[in-house]
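In: With the input below, show me the fold.
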Amino acid sequence: MHRIRPTRVLRIRNLYSLKRRMISSTNYLAQELDPDFSYGQQVAFAKARIGNFFQAQPSLGNQFTEDMPLRNYLRKTVPREVLEQFTPDLERFGHRVATDLYALHLECERDAPKLEQYDAWGNRVDNIITCPAWKQMHDISAEEGLVAIAYERKYGPWSRLYQCAKLYLYAPSAGLYGCPLAMTDGAARILEVIGNAQLMERAYKKLITRNPQQFWTSGQWMTERRGGSDVASGTETVAKPQPDGTYKLYGYKWFSSATDSDMTFTLARVLDHNGQVIQGTKGLTLFYLETRDENGRLNNMQVQKLKNKLGTRQVPTAELLLDGTVALKISEEGRGVADIANMLTISRLYTALSAVSGMRRILNLARDYSTERKAFGKYLNEYPLHVQTLARMEVEVRGATLLVFETARLLGKVECNTASEHETLLLRLLMPLAKLYTGKQAMSVTSEGLECFGGQGYIEDTGLPGIMRDAQVNTIWEGTTNILSLDVLRCISKTKGAVLQSFHSDVQSKLKASTGNAVLSNCCDKVKKASDDIVNFASTQAENFEIAARDYSYSLARTYIGALLLEQASWSGATSQDITAARRWCMKDLTPFLSEERESNYNRSGIDADYELVMDGYETTKSKL
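Out: From the prediction side, this is the model:
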């Protein structure tokens, strides 16, 4: 092999002007080297040649002005004189969430909270350390009025809808700060409804202020070791009355989100003079507590650990030991679950908003990427199959958007005491439906969204996988899909079917505008029939109702979304895209419970077949259905 003599030194004076490479007879490719490097030296490190092609990074435009489904819903629903007042703020904020807030969001993702349990001298301090971006989100949330808008009620019942539009824009760029905001909003609603004069002055004003220096956030501590949804048997925390009228709490909170909050609401069982408590739901009472005293010390509690979660890593979620934590009783004894329900309602709405906004964000990124990424000689948006995939995602997101914002509209009316009995009943049904259905949609859409980026969708530092990881919490937080499906059945039972009648009449009302539309008539007939079948099933299948709960809830959600899309497609400002979305949604199986019933999957033989299928090959079974 031809070798370069050590005495011959080639000095390369300018790397970028090198025109020729020395190639040996064995095709040895010389390296582009440092100017002072001699070929007589051993090559330890050399610069890699990586080429000049790099994939285009997807970018975000104004997240409000580009969101036609949201804008058109607001145009159809909100009085013009009201919409004109807050639209400029949404336009401004739509730009902000795509720029500086998105950068903070990514910082929160990269720099997760940490727990410092002891200082250098061995003292227990339990400091939760959050990144600067998380602290900025606190201030921004106050300044933007993300909680305040709903309680200032400048626009009456439309204030909640305006606030939810802003939260929807914020959530995918919030670094998960929407989590503490959800509980803060819920806490404000609890205090507003209960009307405790002392806490209205001390806490309520701080929860709804726009002043960052005064703004408080709230937690919600319900989950204990025995589980989250079954609070009746799972709550072991006890409250010991004190001579000054306060209580001291003793217990272990297994999952406390936003542990860095200023205050929280929690459930506990009051000890009587014999040291006994009442078990079950009737023994649960609602308590208010502040996490730190006036000197900044924790309120007789210890942070045992921060949770290592699949997603929502930006939020400090902890296990807490309450050891004499000072608290105030704010509900009547045994009314804890009923009085915390207002917080659960708000939290479910925020969860649904998070689900739908996450879907919209990944779809927006995938749409932009399709105009930048070339494969096999063409841009992705030039392939009909790729565009078809995006279009199917778009239909899901449009349907979810209408469901969530219609739910928010009804909540605004209920909070301002302008809702009819029909609207109040409808809200009771739609809230769990919106949460459970959009949560499942989000997992499907975000997974499909990642696929639209190919391998880059699987790379963590693109920021894309976090969208899907964070979406998973929406199916679990504030009740899993099955738990919420049972809640749907419970509200049907408690109202003796009145919520179903409100649902049915509302669907029929929304379809009136499209009844005479030749393009939409078949869809209209399909949604009408689905609505009839839903009501009939509830009145004739009481025995099999629980096993059908999940499919039945999906049917309620799909049918109502169908009605909303048809209503949107039939108003005077409807676009061709509105019509396409409505027609494609109605191609779905709107009533999956009927398909299951026809196969006898809800009777005893179907239930037994489920069990045998699941337990096939499992050596030891601990229980039998």
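
In: so Val397 touches Val356, yeah?
Out: Yes: using C-beta atoms under 8 Å, Val397 makes contact with Val356 at a distance of 6.7 Å. (Each C-beta comes from the backbone N, C-alpha and C, glycine too.)

In: So for the two, which sits in the more crowded spot?
Out: With neighbours defined as other C-beta atoms under 10 Å, Val397 and Val356 compare such that Val356 has more, 30 against 25.

In: Enumerate every residue touching that one.
Out: Val356 is in contact with Tyr168, Val397, Ala400, Thr401, Val404, Thr438, Gln441, Ala442, counting by C-beta atoms under 8 Å, 6 or more residues apart in numbering.

In: before we move on, what about Leu489?
Out: Leu489 sits in contact with Phe545, Glu546, Ala549, Tyr552, where contact means C-beta under 8 Å, 6+ apart.

In: how about Ser485, secondary structure?
Out: When classified by DSSP: H, G, I helix; E, B strand; the rest coil, Ser485 comes out as helix.

In: actually Leu115, not the one I typed
Out: Look at Leu115: counting by three-state DSSP, its state is strand.

In: burial of it, as a residue count?
Out: Per other C-beta under 10 Å, the neighbour tally for Leu115 reads 16.

In: Distance of it relative to Ala318?
Out: 7 Å (C-beta to C-beta, to the nearest Å).

In: Would you verify that Asn342 is located in a helix?
Out: Yes: under three-state DSSP, Asn342 sits within a helix.

In: Skipping adjacent residues, who's closest to it in space?
Out: Once flanking residues are discounted, Asn342 sits nearest to Arg189: 4.5 Å by C-beta to C-beta, 6 or more residues apart in numbering.

In: element containing that neighbour?
Out: helix 178-194 (DSSP states H and E).

In: gap between that helix and the chain center?
Out: 16 Å (C-alpha atoms, centre = their mean, to the nearest Å).

In: Could you do stretch 328-346 as well?
Out: Worked out by C-alpha atoms, centre = their mean, stretch 328-346 lies 23 Å from the chain centre.

In: again, but for stretch 568-576
Out: Worked out by C-alpha atoms, centre = their mean, stretch 568-576 lies 29 Å from the chain centre.

In: what sits up against it?
Out: Contacts of stretch 568-576 (C-beta under 8 Å, 6+ apart): 68, 72-73, 75-76, 402, 513-514, 517, 520, 578-579, 581-583.

In: Apply 7 Å and report the result again.
Out: Under the criterion C-beta atoms under 7 Å, 6 or more residues apart in numbering, residues Asn72, Tyr73, Arg75, Lys76, Leu402, Ala513, Ser514, Asn517, Leu520, Asp578, Ile579, Ala582 lie in contact with stretch 568-576.

In: Quick one: those residues as a markdown table, columns for pLDDT too.
Out: Shown next, in a markdown table, are those (pLDDT from 0 to 100):
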| residue | pLDDT |
| --- | --- |
| Asn72 | 97 |
| Tyr73 | 98 |
| Arg75 | 98 |
| Lys76 | 97 |
| Leu402 | 98 |
| Ala513 | 86 |
| Ser514 | 86 |
| Asn517 | 88 |
| Leu520 | 96 |
| Asp578 | 97 |
| Ile579 | 97 |
| Ala582 | 98 |
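
In: most neighbours, which of those?
Out: Going by other C-beta under 10 Å, Ala582 tops the contacts of stretch 568-576 with 30 neighbours.

In: Next, give phi and psi for that residue.
Out: With angles defined as degrees, to the nearest 10, Ala582 sits at phi -60, psi -40.

In: Repeat that for Phe593.
Out: phi -70, psi -30.

In: Mind jotting down where the helices sit in the stretch 301-450 of the chain?
Out: Assigned helices in the stretch 301-450 of the chain, in chain order: 336-370, 384-415, 421-451 (criterion: DSSP state H, counting those that start in this stretch).

In: With distance to Phe64 added, can I get the ones you listed in TSV?
Out: Listed next are the helices of the stretch 301-450 of the chain as TSV, based on distance: least, C-beta to C-beta, whole Å:
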stretch	distance to Phe64
helix 336-370	11
helix 384-415	13
helix 421-451	20
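
In: Strands along the chain, start to end?
Out: Here the chain has its strands, by DSSP state E, at 114-118, 124-129, 218-221, 238-241, 247-256, 263-270, 284-290, 301-306, 318-329, 374-375, 378-379.

In: Would you mark the buried spots in stretch 379-392?
Out: By 16 or more other C-beta atoms under 10 Å, the buried positions in stretch 379-392 come out as Leu380, Asn381, His386, Thr389, Leu390.

In: mind showing which ranges of the stretch 151-300 of the chain have poor pLDDT?
Out: 228 (pLDDT under 70).

In: related to what we said a few turns ago, closest to Ile346 among the buried residues of stretch 379-392?
Out: Leu390 (32.5 Å; C-beta to C-beta).

In: Roughly how far does the closest one sit from Glu396?
Out: In terms of C-beta to C-beta, Leu390 sits 11 Å off from Glu396.

In: same question, Ser218
Out: For Ser218, the distance to Glu396 - C-beta to C-beta - is 32 Å.

In: quick one, which of those two is more surrounded?
Out: Between Ser218 and Glu396, counting by other C-beta under 10 Å, Ser218 is the more crowded of the two (29 against 23).

In: That one and Ala268: what is the separation?
Out: In terms of C-beta to C-beta, Ser218 sits 17 Å off from Ala268.

In: Gly457 now?
Out: 45 Å.

In: Which of the two has more residues huddled nearby?
Out: Taking other C-beta under 10 Å, Gly457 and Ala268 do not tie; Ala268 has more neighbours (29 against 22).

In: my read: the more buried one touches Leu286, true?
Out: No: between Ala268 and Leu286 there is no contact under C-beta atoms under 7 Å: 8.5 Å.

In: Overlap of the contact sets of these two?
Out: With C-beta under 7 Å, 6+ apart as the test, Ala268 and Leu286 reach no residue in common.

In: Based on its surroundings, how many neighbours for Ala609?
Out: Ala609: 13 neighbours (other C-beta under 10 Å).

In: Excluding covalently adjacent residues, which one is nearest to it?
Out: Asn601 (7.9 Å).

In: cool, Gln117 as well?
Out: Asp126 (5.7 Å).

In: mind checking how far that neighbour is from Tyr250?
Out: Distance from Asp126 to Tyr250, by C-beta to C-beta: 17 Å.

In: cool, Trp121 as well?
Out: Using C-beta to C-beta, Trp121 is found at 28 Å from Tyr250.

In: what do you get for Ile190?
Out: 23 Å.

In: The two: which has the busier surroundings?
Out: Ile190 (28 against 18).

In: What are the neighbouring residues in contact with that one?
Out: Phe265, Asp339, Ile340, Asn342, Met343.

In: so who does the nearest residue to the second one once chain neighbours are set aside touch?
Out: Spelled out, it's Asp339. Spatially, and ignoring its direct neighbours in sequence, Asp339 is nearest to Ser331 (4.1 Å; C-beta to C-beta, 6+ apart). Going by C-beta under 7 Å, 6+ apart, Ser331 touches Thr285, Leu286, Asp339.
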